[in-house]
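1. return atomic coordinates for the entry below.
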Amino acid sequence: MNVCVLYSGGKDSNLALLKAHEEFKVVCLVSLTPKSEESVLFHYPNTQLVKLQAESLKLPLIMEKCLDDEESSLNALYKALGKAKELYEVEGVVTGAIRSTYQATRFQKICDDLELWCFNPLWLRDEVDLLKEALDFGFEIVFTRVAGYPLTKSMLGKKITNETVRTLREMGEFINPAGEGGEYETLVLNMPLFTKKLKIVDCVVVGGEYDATLIVQKAELYEVSF
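-> Numbers count the residues shown, from 1 in each chain. Take a look at the predicted model:
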C-alpha cells in the first residue's frame, strides 16, 4: 500500500514514519505550516526544516500553509492530502497521534472524505514507552518549544536522553510526558531512515521562562553513519 506520512519533523511523526516504513511503501511526506504557535492542530516551531529532513529521507514533500484556526487547518490538510493522492497514488495516511481524540477524529474525517485509509501506529501507546523506544532506535531529538510549568526555556536545544524521559515521567502530574497537549515540541536531528544528519548552526530563544521557542535561523545536513 502506498502511504503518506503527516510529518512535522518532531519525534512522534518520525516514529510513526519508521513504523510505517516497516509495513508499507512510504511515497511522500505531507507537512502543514501554521501561522503561529497558537495553531489548534499542527506543530509550529521551525516547520521550514522539514525540507531538509525530507531531503535526508529522500522523500518528496508536500507543504501547505494554513492559519491557526481549525477550519483553515482542515482545509489545508484536505488540499495537501488530495495532492498526495493525485501525484503519488497514495492510498493511506499515517499520523503520529497518540491520545488526542481531537486530532484523530478530524484527521479521520478528512481521510474518509478523500477515501483514504488512516493509520495511527502510536495510538494509545504509553507515552513514556514511546520516548524510550525512540531513543532505543537511535533517535536524536531536541526540544524546540516549551509551553507551561514545570518545563523551562533552559531545556530548549537540549537533547532528550533517558534521564530526560525519567524527568518527564515525574512531571506527569502537570504535563503529558509526550507533550501531546502542546506542553513541548521537538525536532529530530537523526533517526534510522535519515541519510544525513541535521545540524543546527544558528538559533535564538524567544519567550519567557515557561513559554519559549527555539527559532532555528540556520541548519544544514551532513554525512553520518548509523
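2. only C-alpha atoms from now on, for both contacts and neighbour counts.
-> OK.
3. how is this protein partitioned into domains?
-> According to automatic domain parsing, the chain comprises the domains 2-119, 141-223.
4. columns mean pLDDT on top of these, output as a markdown table?
-> Supplementary listing: these in a markdown table, determined by pLDDT from 0 to 100:
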| stretch | mean pLDDT |
| --- | --- |
| domain 2-119 | 94 |
| domain 141-223 | 95 |
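5. Tyr149: neighbouring residues, count only.
-> Using other Cα atoms under 10 Å, the number of residues around Tyr149 comes to 13.
6. what about the nearest residue to it once chain neighbours are set aside, distance to Asp202?
-> Excluding its sequence neighbours, the residue lying closest to Tyr149 (Cα to Cα, 6 or more residues apart in numbering) is Tyr210, at 5.6 Å. Between Tyr210 and Asp202 the distance is 22 Å, computed by Cα to Cα, to the nearest Å.
7. if you count surrounding residues, which of the two has more?
-> Just comparing Tyr210 and Asp202: by other Cα under 10 Å the higher neighbour count belongs to Tyr210, 17 against 11.
8. for the more buried one, what are its contacts?
-> Val146, Ala147, Gly148, Tyr149, Pro150, Leu151, Thr152, Lys153 (Cα atoms under 8 Å, 6 or more residues apart in numbering).
9. please apply the same query to Lys199.
-> When contacts are counted by Cα under 8 Å, 6+ apart, Lys199 touches Leu189, Ala219, Glu220, Leu221, Tyr222.
10. just the ones in strands from these, please.
-> Assigned to strands by DSSP state E, the following of the contacts of Lys199 qualify: Leu189, Ala219, Glu220, Leu221, Tyr222.
11. so the third one touches Leu52, yeah?
-> Yes: here Glu220 lies in contact with Leu52, judged by Cα atoms under 8 Å, at a distance of 7.4 Å.
12. what residues are shared contacts of these two?
-> Leu198.
13. higher neighbour count, those two?
-> Each of Glu220 and Leu52 has its neighbours counted (other Cα under 10 Å); Leu52 has more, 17 against 14.
14. what's the one helix or strand the more buried one maps to packed up against?
-> Per DSSP states H and E: Leu52 is located in helix 50-57. For helix 50-57, the packing partners by 3 or more Cα pairs under 8 Å, 6 or more residues apart in numbering; DSSP states H and E come out as strand 196-207, strand 211-223.
15. could you find the closest non-adjacent residue to Ile141?
-> Nearest to Ile141 is Val188, by Cα to Cα, 6+ apart, at 4.5 Å.
16. now swap in Lys51 and tell me
-> Leu61 (7.2 Å).
17. in which helix or strand does the closest residue to Leu57 other than its chain neighbours reside?
-> Spatial nearest neighbour of Leu57, chain neighbours left out: Phe194 (5.0 Å); criterion: Cα to Cα, 6+ apart. Following DSSP H and E, one finds Phe194 outside all helices and strands.
18. test my guess that Phe194 contacts Leu59.
-> No: Phe194 is beyond contact range of Leu59, at 10.3 Å (criterion: Cα under 8 Å).
19. can you give me the helices for the chain?
-> 11-23, 50-57, 70-88, 101-113, 127-136, 162-170 (DSSP state H).
20. export the ones you listed to CSV and append columns for distance to Cys4.
-> Below are these laid out as CSV (distance: least, Cα to Cα, whole Å):
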stretch, distance to Cys4
helix 11-23, 9
helix 50-57, 12
helix 70-88, 7
helix 101-113, 12
helix 127-136, 20
helix 162-170, 29
